[in-house]
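A.B. asks: this one's structure only:
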């Protein structure tokens, strides 16, 4: 017959293995660094200089990046 100690040891082993697998699934992977375009960096510097925050900053950066991208496209065509 199987002893109570053997059954208890098997139960403990299953719990330990099960929790290890569960932890492995939830462990976060290292985040890849975000690479910002030169236009984005320049617009952020301009927004900082103007002291913009929140929605105003978001609107300014969007229009700034759009303008800079259009300028760069015009330079490449010439």
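C.D. replies: That came through, no problem. Fair warning: this is a prediction, and the values are worked out from it, not measured in the lab.
A.B. asks: Using the three-state scheme, assign residue 36.
C.D. replies: Put simply, residue 36 is coil when judged by DSSP: H, G, I helix; E, B strand; the rest coil.
A.B. asks: Nearest spatial neighbour of it, chain-adjacent residues omitted?
C.D. replies: Excluding its sequence neighbours, the residue lying closest to residue 36 (C-beta to C-beta, 6 or more residues apart in numbering) is residue 44, at 7.8 Å. No exception for glycine: its C-beta is placed from N, CA and C like everyone else's.
A.B. asks: since we're on the one you found, how many residues are nearby?
C.D. replies: Counted with other C-beta atoms under 10 Å, residues neighbouring residue 44 total 17.
A.B. asks: What strand or helix carries it?
C.D. replies: Element membership of residue 44 [criterion: DSSP states H and E] is helix 38-50.
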